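Asks: Requesting a structural model of the entry that follows:
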Amino acid sequence: MAKSLYVVGCRRCGKTLICLALAVIFRDEGYRVGYFKPVGQMEKICGERLDYDVELMKKVLDLKEPPSILSPVCIPKLYMDAVDYAEARARIMETYGEVSKDKDIVLVDSADTPETLLTKGCSVVDLAPMFGSKVFVTWRYTDDSSIDSLALHYKFFESSGLDVVGSTLGFIPPTNIERVRRVASEALGAYGVKVLGFIPMVPELFSPTVKEVAETLGASVLTCEDNMDRVVETFLVGAMSAESALRWFRRSRRKAVVTGGDRTDLMMAALETDTSCLILTGGLHPDISVLTKAEERGVPVLVVPSDTYTTIMKLRTVGMTISPENRRRIELLVNLIRRNLDWETILRELLPERGNA
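Replies: Alright, predicted model coming up:
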């Protein structure tokens, strides 16, 4: 019979990323691993319901079950009266049985927030006992109030009778991680919260490549198509004088500079600093001197038809998700979790007889 771990946390705390990394680690340890997201909040794309988390896990783990089995219940944002939740619970249990068949471990991905569907009997408090799941709590660190939020939810789950095996704080700025580790370990330990790791924010994990930027924008590539795997950590808009811009350009590493194709002065200034690519708006092609300099520096030059504002709006979400095809990010994620989360303790909690072997 499969053992399951229910990964629960706040919004945008990386629940699915934790599931993905643990699934890869456990699979590498020789275990048959499944994935289940009982309640999804899906988007409609071209008339089809699509949950990016489920698609990611299905492809990376090569799962045979269709998305409708891996995530059987879909709710909208206004969900209170949208679904027959008695039928939903029955459907969830039926499909969980299919997912857990012939598996050693099933990683269960929670809904958007811990409280989602609490009043409808389909939250983690209701479903974890039905699956026989142990619970792992992950929380996004924004400031010290995140420590108290983690403690509040951890203790709520324990008081609800759930078997909580541990927790983690994630997305911690690297410059602050030693302090967070010290104060959170002391505060949470004194409060009876078991912490299994502190995970730093790694810019490279959510930094897109130039290729991803170009695909998002539908850009034409004028130079250095063989350097499209360069990483973009920062987007800067060039709308000031070249002299003023140069001060900002020097402070930013691995950046993309967004500017009009007629701003030769800004482009030449950017090419004197650590620039991953130039994004030229308005469909304007640059002066030949810019293209020559970009070729010398190995910097791709992208041209897009949209104006600067529209271009920036399109760039807001680029790199915020991990695609199944991006092996670089997946490997980076797995290594990050291996180093910063005590996954061996989680494995022993799930499979004590084999985790101690």
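Asks: Quick check: A2 touching I105?
Replies: Yes - in terms of CB atoms under 8 Å, A2 counts as a neighbour of I105; the distance is 6.3 Å. From N, CA and C alone the C-beta is placed, and that goes for glycine too.
Asks: Report the set of residues contacting both of the two.
Replies: G34 (CB atoms under 8 Å, 6 or more residues apart in numbering).
Asks: where does the chain dip in pLDDT?
Replies: Within the chain, the segments meeting pLDDT under 70 span 42-50, 319-320, 354-357.
Asks: what's the domain layout of it?
Replies: 3-205+322-355, 208-314 (automatic domain parsing).
Asks: Redo the ones you listed as CSV? Include mean neighbour count.
Replies: Below are the domains of the chain laid out as CSV (neighbours: other CB atoms under 10 Å):
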stretch, mean neighbour count
domain 3-205+322-355, 18
domain 208-314, 18
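Asks: which residue sits closest to V137, ignoring its sequence neighbours?
Replies: What sits nearest to V137 in space, not counting adjacent residues and going by CB to CB, 6 or more residues apart in numbering, is S167, at 4.1 Å.
Asks: my read: that neighbour touches L152, true?
Replies: No - using CB under 8 Å, S167 is not in contact with L152, being 11.7 Å away.
Asks: Can you list the strands that the lengthiest strand in the chain pairs with?
Replies: In terms of residue count, the longest strand belonging to the chain (DSSP state E) is strand 163-172. Sheet pairing of strand 163-172 (DSSP bridges) gives strand 134-140 (parallel), strand 195-200 (parallel).
Asks: Which residues does the longest one contact?
Replies: Looking back up the chat, that one is strand 134-140. 3-15, 18, 124, 128, 146, 149-150, 153-154, 157, 162-171, 196, 346, 349-350.
Asks: How far does stretch 224-242 stretch from one end to the other?
Replies: End-to-end distance for stretch 224-242, by CA to CA, to the nearest Å: 24 Å.
Asks: Show residues contacting it.
Replies: So stretch 224-242 is contacted by 203-204, 207-211, 213-214, 221, 245, 248-249, 252-259, 263, 265-270, 276-277, 294-295, 298-301, 308, 312, 315, 319 (CB under 8 Å, 6+ apart).
Asks: Which of those fall in helices?
Replies: 203-204, 210-211, 213-214, 245, 248-249, 265-270, 294-295, 308, 312 (DSSP state H).
Asks: Looking at the strands paired with strand 163-172, spot the one closest to A86.
Replies: strand 134-140 (23.7 Å; CB to CB).
Asks: Just the C-alphas of that closest one, formatted as CSV.
Replies: The C-alpha coordinates for strand 134-140 follow below in CSV (Å, rounded to 0.1, in the frame of the first residue of the first chain):
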residue,chain,number,x,y,z
LYS,A,134,1.4,12.5,6.6
VAL,A,135,1.6,16.3,6.2
PHE,A,136,4.5,18.5,5.4
VAL,A,137,4.1,22.3,5.7
THR,A,138,6.0,24.7,3.5
TRP,A,139,5.8,28.5,3.8
ARG,A,140,7.1,31.4,1.9
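Asks: Following the chain onward from it, which element is next?
Replies: The helix or strand immediately downstream of strand 134-140 is helix 145-159, counting by DSSP states H and E.
Asks: ok and that next one relative to strand 163-172, angle-wise?
Replies: Following axes from the mean of the first three to the mean of the last three CA atoms, to 10 degrees, one obtains 170 degrees for the angle between helix 145-159 and strand 163-172.
Asks: which other helices and strands contact helix 145-159?
Replies: strand 134-140, strand 163-172, helix 177-190 (3 or more CB pairs under 8 Å, 6 or more residues apart in numbering; DSSP states H and E).
Asks: Just put those in TSV and tack on distance to L333.
Replies: Shown next, in TSV, are the helices and strands packed on helix 145-159 (distance: least, CB to CB, whole Å):
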stretch	distance to L333
strand 134-140	13
strand 163-172	11
helix 177-190	17
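Asks: sorry, back to before: so what touches the longest strand of the chain?
Replies: Outside strand 163-172, the residues that reach it (CB under 8 Å, 6+ apart) are 5, 13-14, 18, 128, 133-142, 146-147, 150, 154, 157-158, 180, 184, 188, 193-201, 341-342, 345-346, 349-350.
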